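>>> Turn this into a model:
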Amino acid sequence: MLIYCEGDIKFKRYWDINFSLKNPADENDVIERLGILLRESVKYRLISDVPLGVMLSGGIDSSAIVGLMAESTSNINTIIIGFENSLYDERVYAKKVASFFGTNHNEIILQEKDLSYLPLLIWHLDEPIADEACVPVFLISKKAREMGIKVLLSGEGGDEIFGGYPRYILHKIAHFLDVLPSSLRRNAFEIISTFHFLPGKIPEYMKRLAVTDKNPVVRNFVWLSYFNDTEMKLLCPSFNSKPQEIYLSIAEVRVNNLNFLDRVFYADIKIWLAEDILMKADKMAMACSVEVRTPILDHHLVEFSACLTSSLKVRVRKTKYIFKKSLQKFLPLDMQSYSATDTPL
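Predicted structure coming up:
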């Protein structure tokens, strides 16, 4: 925020997330309060003089929004984009949610011909954003507009403020492994990561655990980066700034003395969420003249989540622990256990 006063210009941050004030409340009290805040936020975002819909992925965030909407209205439009590759396709889960709550459900299948929209999408993005999810978000927004829907509710932000990414569990493991000598740890996990018989993403996780920097924010940056500094120089010799330094200059503000996971949450909210997830969703939706509303990012909810200890969000084998507990009253158990893919909708 720029402030002009008596010939003097100052810049002041008008709001930020404060992770330092922790709420010692009982778990049941947290669950009750969280449920109230979620209901109020969704209800507030239903205020509209134009038709609304929901970007439904089948994941817990958008499913929760549909469930909370169903308490206030019976006229709910849901839209999902499907993929021919079953690894990324979430239609079966979304259909369960839509059927349970009786929504007017619509499905789109991403096809090769849809890539022809890329030049248009790049123009609307207006700056480099290396996120392939811009295509499905655009197609959902386009479909909504064709249906006469001008406002879409989305589950964006749930993973960042309530600890939904699997890498948060990996951060806990990495923090525990920090006691090992760096060379031993790096060599051991680099060797393990080459074992091709390991299932799923285990080799990738082993490679991540080989990163020995003990600063959790640096570790988060390395895990999220496509290229290291050497590769960046090869790709763009004129690029003088170091991306890691830029990242740290933003992500380390006011968080140096916090719990290691809170520091990662702050970094993801300030950079990953603000500069990728939300920017992409806003630009792709506005390209179709559609407004996106994000109930989970209501500032009351964000401030409340920041006051919770990281152990209420991420446990050894559980992500979004307290968030999922708060949904038990209005979301069937089988709909709470599914975790959406990395395509955020």
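
>>> can you map out the helices along the stretch 1-150 of the chain?
Using DSSP state H, counting those that start in this stretch, the helices of the stretch 1-150 of the chain run over residues 27-44, 60-69, 91-101, 118-125, 134-146.

>>> now the angle from the first one to helix 60-69?
Meaning helix 27-44. With axes from the mean of the first three to the mean of the last three Cα atoms, to 10 degrees applied, the angle from helix 27-44 to helix 60-69 works out at 70 degrees.

>>> ok, back up a step: if you compare the helices of the stretch 1-150 of the chain, which one is most tucked away?
Each of the helices of the stretch 1-150 of the chain was scored by mean neighbour count; the highest is helix 60-69, a mean of 26, by mean count of other Cβ atoms under 10 Å. Glycine gets a C-beta too; all of them are placed from N, C-alpha and C.

>>> Report the rounded mean pLDDT for that helix.
The pLDDT scores in helix 60-69 average 93.

>>> Could you check how far it is from the centre of its chain?
Relative to the chain's own centre, helix 60-69 is displaced by 15 Å; criterion: Cα atoms, centre = their mean, to the nearest Å.

>>> Now do it: which elements does it pack against?
Judged by 3 or more Cβ pairs under 8 Å, 6 or more residues apart in numbering; DSSP states H and E, helix 60-69 is in contact with helix 27-44, strand 52-55, helix 91-101, helix 158-162, helix 333-336.

>>> can I have it written out in CSV, keeping just the CAs?
Coordinates of the C-alpha atoms in helix 60-69 are reproduced here as CSV (Å, rounded to 0.1, in the frame of the first residue of the first chain):
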residue,chain,number,x,y,z
ILE,A,60,-12.2,-32.6,-0.7
ASP,A,61,-12.0,-28.8,-1.1
SER,A,62,-14.5,-28.4,-3.9
SER,A,63,-16.6,-31.3,-2.5
ALA,A,64,-16.9,-29.4,0.8
ILE,A,65,-18.0,-26.3,-1.0
VAL,A,66,-20.8,-28.2,-2.8
GLY,A,67,-21.8,-29.8,0.5
LEU,A,68,-22.0,-26.5,2.3
MET,A,69,-23.9,-24.9,-0.7
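
>>> and the angle for it with helix 91-101?
Going by the same axes, to 10 degrees, helix 60-69 makes 10 degrees with helix 91-101.

>>> picking up where we left off before, lowest-confidence stretch among the helices of the stretch 1-150 of the chain?
Per-stretch averages of pLDDT across those put helix 91-101 at the bottom, with a mean of 90.

>>> quick revisit: any idea which of the helices of the stretch 1-150 of the chain gets closest to I250?
For the helices of the stretch 1-150 of the chain, proximity to I250 was assessed by Cβ to Cβ; helix 118-125 is nearest, at 20.3 Å.

>>> who does the closest one touch, helix- and strand-wise?
When contacts are defined as 3+ Cβ pairs under 8 Å, 6+ apart, helix 118-125 sits against helix 134-146, helix 278-286.

>>> hey, C-alpha coordinates of that helix in CSV?
C-alpha atoms of helix 118-125 as CSV (Å, rounded to 0.1, in the frame of the first residue of the first chain):
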residue,chain,number,x,y,z
LEU,A,118,-2.8,-22.1,-26.1
PRO,A,119,-1.9,-18.9,-28.1
LEU,A,120,-5.1,-17.3,-26.7
LEU,A,121,-4.4,-18.4,-23.2
ILE,A,122,-0.8,-17.1,-23.3
TRP,A,123,-2.1,-13.7,-24.4
HIS,A,124,-4.6,-13.6,-21.5
LEU,A,125,-2.0,-14.8,-19.0
